[in-house]
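**Student:** based on what follows, work out the 3D shape:
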Amino acid sequence: MSASRKERVVEGICANLVDPTLGVGLKSSPVEHEVSAFADSNASLFRRFCRCLYVDPCSQATPGRLRRRPCGGAEPRTSVPRQAVAAKFVHIGSRVEYWQSGALLLLFALAAASLGCQHRSESPTRSDSTSKTNARPVVGRAFNSALSKPNAAPDGMNWIPSGKFAMGSSFAAFDDARPIHTVHISGFYMDVTPVTNEQFEQFVKATGYVTTAEKKPTPEDLPGVPPDKLVAGSLVFTPPPKPVPLDDISAWWRYAPGADWRHPDGPASDLKGREKHPVVQVSWFDAVAYAKWAGKRLPTEAEWEYAARGGLDQQPYVWGKEFRPGGKYMANTFQGSFPDRNSKSDGWTGTSPVKTFPPNQFGLYDMAGNVWQWCSDWYRPDYYEHSPTSDPQGPDDSFDSSEPGQPKRVQRGGSFLCSDQYCSRYMPGGRGKGAPDSGASHVGFRCVR
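**Tutor:** Alright, predicted model coming up:
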């Protein structure tokens, strides 16, 4: 096969036949065997077009199908299994451990599913997610150099045209968002809003899906935790009655048994009147499952920032230079004294309905504030030092110096809890991070295609 023929075949495979949500190789194709025959000897072509495919004898589909793998051939690093400990706190959006009323509060921060030859669950259990935690994400986009805007946009999505932008931030607090570097992004569709409660409910009704927060952990998940403390639940923001030091997040976060997407603030809450609010209390696994069902995927971090900026290169906010142009609030953020008193100057103390605040120049709502949004990428603070300049997919593994050994995925956009007193990550260059099996009352997602 000639080099040009190989290139055209591989590009066609990546553009049309690779499932970017599952990364589970080629669909039936007359060129499949032809491509497989030269895959190993032409790895550079696959790295260029498909983010490193390889012939995988362990495929759940037909043995010998092509499948995603980490670039460079290195084995993914693994983490030491999590142990329950007390009196510890980390950045919210990842996971929290602390004592409350003398009881050990549970954590739900396990590892991502193994990439080995074992059963891959569509809705991973807590135990499923403890092997080979730093395996490369399988939900990144497949590169398609021929992608162009179709005639009709999918319902509820806007076209984001291809282009270049300066990714990163010079804001002093965002030390993991440097160096600022130029990135080219191919065109794609993005949901106009974060996924709402009513949309997520349709998914659950259609599939019977059970979210991470609804699953009771086992003693194997959390060794040493008393059996009566192994209860399903999630993290809920609870403002303290008075000002508190900002170096102890346990002062405003609590583990609430029974908190989940249907009960975002705990078992006494519900979704009445919140149908059009962003769904929260969803883990990264939950977001991936929804995206697969919807025929979509999670955005890469680069896609997310490019879309958020809307063509306003290196502006501090997704709408421009001023936080409140003309005195108008442009996003759902925290006003007042964080975390004890929200003055509700923007009209909201918690999540707000999507489309409450103005869209950016790409017609996208809630690209700043309201809820954090999961991305497909693993998180590393040093990734920008060596990330690709075209359609970057994120690093091959995860590392966070504040919590070594705990893999994390990228979150973007900030939330209704972001304040210039504490977070400010509603700015488009700000990066968040979270353990993939952890949700909270300020974490949601949106999809792309």
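
**Student:** ok, residue 287 - contacts?
**Tutor:** In this structure, residue 287 makes contact with 195, 298, 374, 445, judged by C-beta atoms under 8 Å, 6 or more residues apart in numbering. For the C-beta atoms, the positions are set from N, CA and C on the backbone; glycine is no exception.

**Student:** most neighbours out of the residues you listed, which is it?
**Tutor:** Comparing those on neighbour count, residue 374 comes out first with 33 neighbours (neighbours: other C-beta atoms under 10 Å).

**Student:** partners of that one in the sheet?
**Tutor:** In this structure, residue 374 bridges to residue 411 when assessed by DSSP bridges.

**Student:** distance check, it against residue 327.
**Tutor:** The gap separating residue 374 from residue 327 is 33 Å, by C-beta to C-beta, to the nearest Å.

**Student:** same thing with residue 300?
**Tutor:** Taken as C-beta to C-beta, the spacing of residue 300 relative to residue 327 amounts to 35 Å.

**Student:** okay, these two: which has more neighbours?
**Tutor:** residue 300 (24 against 6).

**Student:** surely that one touches residue 375?
**Tutor:** Yes - when contacts are counted by C-beta atoms under 8 Å, residue 300 is listed as touching residue 375 (6.2 Å).

**Student:** identify the contacts common to those two.
**Tutor:** Once C-beta under 8 Å, 6+ apart is applied, the residues that residue 300 and residue 375 both contact turn out to be residue 394.

**Student:** which residues does the nearest residue to residue 350 once chain neighbours are set aside contact?
**Tutor:** Closest residue to residue 350 in three dimensions, ignoring its sequence neighbours and counting by C-beta to C-beta, 6 or more residues apart in numbering: residue 416, at 5.9 Å. When contacts are counted by C-beta under 8 Å, 6+ apart, residue 416 is found next to 332, 333, 334, 348, 349, 350, 351, 352, 369, 370, 371, 442.

**Student:** tell me who's in contact with the first one.
**Tutor:** With contacts defined as C-beta under 8 Å, 6+ apart, residue 332 is in contact with 346, 348, 351, 352, 356, 357, 366, 369, 370, 415, 416.

**Student:** let's see that with 6 Å instead.
**Tutor:** Listed by C-beta atoms under 6 Å, 6 or more residues apart in numbering, the contact set of residue 332 reads 346, 348, 352, 369, 370, 416.

**Student:** and the first one, how far from residue 419?
**Tutor:** Separation of residue 346 from residue 419 (C-beta to C-beta) stands at 12 Å.

**Student:** with residue 191 instead?
**Tutor:** From residue 191 to residue 419 the distance is 26 Å (C-beta to C-beta).

**Student:** between those two, tell me which one has more neighbours.
**Tutor:** A direct count of neighbours by other C-beta under 10 Å for residue 191 and residue 419 places residue 191 higher, at 26 against 19.

**Student:** surely residue 419 meets residue 339?
**Tutor:** No - applying C-beta atoms under 6 Å, one finds residue 419 not in contact with residue 339, separated by 8.2 Å.

**Student:** returning to that earlier point: so which of the contacts of residue 332 are in strands?
**Tutor:** Per DSSP state E, strands hold no members of those.

**Student:** phi, psi for residue 337 please.
**Tutor:** Dihedral angles phi and psi of residue 337 (degrees, to the nearest 10) take the values phi -110, psi 110.

**Student:** leaving out chain neighbours, which residue sits closest to it?
**Tutor:** The spatially closest residue to residue 337, leaving aside those adjacent along the chain, is residue 243, at 6.0 Å (C-beta to C-beta, 6+ apart).

**Student:** hang on, that neighbour packs against residue 340?
**Tutor:** Yes - under the criterion of C-beta under 6 Å, residue 243 lies in contact with residue 340, with a separation of 5.3 Å.

**Student:** phi, psi for the closest residue in space to residue 440 that isn't next to it in sequence please.
**Tutor:** Setting aside the residues directly before and after it, residue 440 is nearest to residue 235 in space (C-beta to C-beta, 6+ apart), at 4.2 Å. The phi and psi values for residue 235, taken as degrees, to the nearest 10, are phi -90, psi 140.

**Student:** beta partners of residue 235?
**Tutor:** Beta-bridge partners, per DSSP bridges, of residue 235: residue 255, residue 440.

**Student:** what score does it have for pLDDT?
**Tutor:** In the predicted model, residue 235 carries a pLDDT score of 96.

**Student:** now the one 4 residues further on
**Tutor:** Confidence at residue 239, expressed as pLDDT, is 97.

**Student:** please give me every residue in contact with it.
**Tutor:** Neighbouring residues of residue 239 by C-beta under 6 Å, 6+ apart: 252, 339, 340.

**Student:** go again with 10 Å.
**Tutor:** Under the criterion of C-beta atoms under 10 Å, 6 or more residues apart in numbering, the contact list for residue 239 reads 251, 252, 334, 336, 337, 338, 339, 340, 341, 342, 349, 417.

**Student:** go on, residue 316?
**Tutor:** By C-beta under 10 Å, 6+ apart, residue 316 lies in contact with 169, 170, 171, 322, 323, 424, 427, 428, 429.

**Student:** and of those, the nearest to residue 275?
**Tutor:** residue 428 (28.0 Å; C-beta to C-beta).

**Student:** quickly find the element holding the spatially closest residue to the closest one that is not a sequence neighbour.
**Tutor:** If you skip the residues right next to it in sequence, residue 428 has residue 308 as its closest partner in space, 4.5 Å away by C-beta to C-beta, 6+ apart. Take DSSP states H and E as the rule and residue 308 turns out to sit in helix 301-309.

**Student:** what's the average pLDDT for that helix?
**Tutor:** For helix 301-309, the mean pLDDT works out to 98.

**Student:** returning to that earlier point: what is in contact with residue 419 and residue 339 at once?
**Tutor:** The contact lists of residue 419 and residue 339 share residue 246, where a contact means C-beta under 10 Å, 6+ apart.

**Student:** all helices of the stretch 101-250 of the chain, in order?
**Tutor:** Using DSSP state H, counting those that start in this stretch, the helices found in the stretch 101-250 of the chain span residues 197-207.
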